[in-house]
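**Q** A structural model of the following input is requested.
(one chain, ligands or ions: 1)
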Amino acid sequence: HRLWHDYSEKHKHTRPPGPSSLPILGSALHIPKERPWLAFARWQKPFGEIIQLTVFSRNLVVINSYQLTMELFDKRSALYSDRPRRPMAELCGFGSALLFQNYNSTARQARKLMHSELSVKGTQPHRVLQESEARAFARRVLDDPASFRDHLRRATASSLLAITYGHTVENDDDHLVSLSELVMNSLAEVITPNRFLVDSLPFLKYVPASFPGAAFQRTAQTCKRNLYKFMDLPFAEVKKKVAEGFATPSFTSNHLQGRVDSISQQEEEVLKWTAGGIFAAGSDTTISVLTSFILAMLLHPKAQAKAQAEIDSLLGPNTLPTFHDRERLPYVECIIKEVLRWNPAAPLVAHTTRMDDEINGYRIKAGSVVMANIWAFTHDPSMYSSPSEFNPDRFMHHPDDPTRIPPPDPRSYVFGFGRRSCPGINLADALVYIMVVTTLAVFDISPALDENQMPIIPEVEYSTGAVSHPRPFRCNITPRSQNAAMMIKYATEA
Ligand code: HEM
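**A** Numbering: from 1, shown residues only. Model (predicted):
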């Protein structure tokens, strides 16, 4: 009994190991500016699966193990479901969005609103629209292949705005798309760690905008104006249409139907911010995944050809893929899983602890920012052999050989954990599938050529941010046949 007592007493005060720390700055200087998740994964060797850093007196705990993350974020989710404070995001007005809120009654209300509309069943009616968005994307690529990244943004924005507000994007200068671009760019900036000093020194948020050096305050004011416009305008439009009886069915109209006059102001506020949040949380992540897919296909022609052969043998040369084909395209499914694993869109997922806690003998103090290092899970050699290789075949099922069990589906964790897990998972999964399968059916993706007609093979480089994107790269996207091009023209002109 005494031994046990000594053990627990000793570990009760043990903070998880981590790099050395300076006064005030803490271990800030050890954290690389670029893609810190790579360093955190490497630090497993000297420090283990749980690492603690102190930055400006804030505790950051990095969890490099999938099992431990499940234990904390899923099993103990009553303690681990709050979000870190982000003073800059709050100054910009994002504090009212679910993504930034603690797990309080408003957050629960917002998640409930999403749950009903974004379940597998709730997203079913949007499939026709997603199919035609994917074809419209293919058409734009056909007409202007070099701008494929813009077309990915446009396809994602159109789908999400249609689903959220029933809004149809008619042309390239759609007011809602332009406004959403402004909001998305600000969001990407404010959630980039260490981008604004006010995030490390929160008292700065009280410095007035007119003060020298307080440029961030003016940035925040502009951002807030755009954000509020983005939240208010489309919502007011839908509300008006519902009242007049001719709203296109959408997330917002479905929740307002029959309640325009009776909905309380509080409920209306939550609905408005939840609707806007769908776009804010869903677009950059989806764009990252789709851009990674293009990069992966460019670098791995064999995997691309194998998926195309699968699609051809199922559909023949005269049919474009749809959602009905999904179950019969197992290799396309493997490509999607491998893209999600190869370079996860959200490599670090941050929650905070409500109370002091203990795990594996280490103490995690209340208020610590606890980050799941998703990148470390997707590159854990005990889960995925040769993890840095892009190899969709690792996910193939082998019904004849029960000894070959595929590794875990990354979709079970790249969308987050417990009570804060991504409520858009079904929608995102459907959108990614239809974009991937349509692109593979219609196009060949290959390296761009230099002036000597030699292929330019891009480096696999990703940006640093809460959502990480492939750095800009050039590629050739050409129709696989005249017939493929004709099918897309026909489908988008009908
Ligand atoms: C492939 C694309 C996507 C990826 C990889 C992704 C990933 C994630 C991750 C990792 C989180 C944090 C989970 C956590 O803290 O444990 C999250 C949260 C969230 N996602 Fe997604 N997401 C994607 C698409 C979408 C879409 C399309 C929507 C909207 C329909 C969406 C809506 C949200 C919202 C609202 C939250 C905040 C939930 C909360 O704080 O309680 N996401 N997502």
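**Q** Can you tell me the SS state at the most centrally placed residue in the chain?
**A** A centroid search over the chain (C-alpha atoms, centre = their mean) returns residue 285, at 3.0 Å, as the residue closest to the centre. Recorded secondary structure, residue 285: helix (DSSP: H, G, I helix; E, B strand; the rest coil).
**Q** What separation do you get for it and residue 302?
**A** Distance, residue 285 to residue 302, using C-beta to C-beta, to the nearest Å: 28 Å. Every C-beta, even on glycine, is put in place using the N, C-alpha and C of the backbone.
**Q** Chain neighbours aside, what residue packs nearest to residue 125?
**A** Leaving aside its sequence neighbours, residue 125 sits nearest to residue 249 (C-beta to C-beta, 6 or more residues apart in numbering; 7.2 Å).
**Q** So which residues of the stretch 351-494 of the chain form strands?
**A** For the stretch 351-494 of the chain, the strands defined by DSSP state E, counting those that start in this stretch occupy 357-359, 362-364, 369-373, 443-447, 475-479.
**Q** now swap in the stretch 1-150 of the chain and tell me
**A** Under DSSP E, counting those that start in this stretch, the stretch 1-150 of the chain gives strands at 50-55, 58-63.
**Q** which one of those lies closest to the ligand?
**A** strand 58-63 (12.0 Å; C-beta to the nearest ligand atom).
**Q** isn't there a strand covering residue 188?
**A** No: Residue 188 sits outside any strand when classified using three-state DSSP, being helix.
**Q** what residues does the stretch 151-300 of the chain put near the ligand?
**A** 277, 278, 281, 282, 285, 286, 289 (C-beta under 6 Å from any ligand atom).
**Q** hey, C-alpha coordinates of stretch 153-173 in CSV?
**A** C-alpha atoms of stretch 153-173 as CSV (Å, rounded to 0.1, in the frame of the first residue of the first chain):
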residue,chain,number,x,y,z
ARG,A,153,-12.5,27.1,-54.4
ARG,A,154,-15.5,28.0,-56.5
ALA,A,155,-16.9,24.4,-56.5
THR,A,156,-16.6,24.1,-52.7
ALA,A,157,-18.1,27.6,-52.1
SER,A,158,-21.0,27.0,-54.5
SER,A,159,-21.9,23.7,-52.9
LEU,A,160,-21.7,25.0,-49.3
LEU,A,161,-23.6,28.2,-50.1
ALA,A,162,-26.4,26.2,-51.9
ILE,A,163,-26.7,23.7,-49.0
THR,A,164,-26.6,26.4,-46.3
TYR,A,165,-28.8,29.1,-47.9
GLY,A,166,-30.1,27.7,-51.2
HIS,A,167,-27.9,30.3,-52.8
THR,A,168,-27.0,29.8,-56.5
VAL,A,169,-23.7,31.1,-57.6
GLU,A,170,-24.4,32.5,-61.1
ASN,A,171,-21.1,34.1,-62.1
ASP,A,172,-17.5,34.8,-61.1
ASP,A,173,-18.3,38.0,-59.3
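**Q** quick one: it to chain centroid distance?
**A** Counting by C-alpha atoms, centre = their mean, to the nearest Å, stretch 153-173 is centred 18 Å from the centre of its parent chain.
**Q** Contacts for it, please.
**A** 123, 126, 129-130, 133-134, 136-137, 140, 176-177, 180-181, 234-235, 237-238, 241, 247-253, 275-276, 278-279, 282-283, 286-287, 290, 427, 431, 435 (C-beta atoms under 8 Å, 6 or more residues apart in numbering).
**Q** Break down the stretch 201-350 of the chain into its helices, ranges please.
**A** For the stretch 201-350 of the chain, helices defined by DSSP state H, counting those that start in this stretch occupy the ranges 215-244, 251-256, 265-299, 301-315, 330-342.
**Q** Which among these is found nearest to residue 456?
**A** Minimum separation from residue 456 across the helices of the stretch 201-350 of the chain (C-beta to C-beta) falls at helix 265-299, 9.9 Å.
**Q** what angle sits between that closest one and helix 215-244?
**A** 110 degrees (axes from the mean of the first three to the mean of the last three C-alpha atoms, to 10 degrees).
**Q** Report the buried residues of helix 265-299.
**A** 268, 270-299 (16 or more other C-beta atoms under 10 Å).
**Q** hang on, the earlier thing: using a markdown table, lay out the strands of the stretch 1-150 of the chain together with distance to residue 27.
**A** What follows is the strands of the stretch 1-150 of the chain, written out as a markdown table (distance: least, C-beta to C-beta, whole Å):
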| stretch | distance to residue 27 |
| --- | --- |
| strand 50-55 | 4 |
| strand 58-63 | 8 |
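**Q** Mind putting those strands into TSV with mean neighbour count, distance to the ligand and mean pLDDT?
**A** Output for the strands of the stretch 1-150 of the chain, formatted as TSV (neighbours: other C-beta atoms under 10 Å; distance: least, C-beta to the nearest ligand atom, whole Å; pLDDT from 0 to 100):
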stretch	mean neighbour count	distance to the ligand	mean pLDDT
strand 50-55	22	18	90
strand 58-63	23	12	91
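**Q** circling back to that earlier point, can I get the buried part of the contacts of stretch 153-173 as one ChimeraX selection?
**A** Only the buried entries of the contacts of stretch 153-173 go into this ChimeraX selection, using 16+ other C-beta under 10 Å:
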select :123,126,130,133,134,136,137,140,176,177,180,234,235,237,238,241,247,250,251,252,253,275,276,278,279,282,283,286,287,290,427,431,435
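**Q** For the ligand, what is the nearest residue in the stretch 151-300 of the chain?
**A** residue 282 (2.8 Å).
**Q** so how far is residue 157 from that residue?
**A** Relative to residue 157, residue 282 is positioned 10 Å away (C-beta to C-beta).
**Q** Quick check: residues of the stretch 351-494 of the chain near the ligand?
**A** 351, 414-417, 420-424, 427-428, 432.
**Q** Can you list the residue ranges for helices in the stretch 351-494 of the chain?
**A** So, for the stretch 351-494 of the chain - with DSSP H, counting those that start in this stretch - the helices run 374-378, 425-442, 482-493.
**Q** Take those and write them to TSV, including mean pLDDT.
**A** Formatted as TSV, the helices of the stretch 351-494 of the chain follow (pLDDT from 0 to 100):
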stretch	mean pLDDT
helix 374-378	98
helix 425-442	97
helix 482-493	96
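**Q** can I get those helices in JSON lines with distance to residue 60?
**A** Listed next are the helices of the stretch 351-494 of the chain as JSON lines, based on distance: least, C-beta to C-beta, whole Å:
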{"stretch": "helix 374-378", "distance to residue 60": "15"}
{"stretch": "helix 425-442", "distance to residue 60": "26"}
{"stretch": "helix 482-493", "distance to residue 60": "48"}
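**Q** Name the nearest residue to residue 20, ignoring sequence neighbours.
**A** Per C-beta to C-beta, 6+ apart, closest to residue 20 is residue 27, 6.8 Å.
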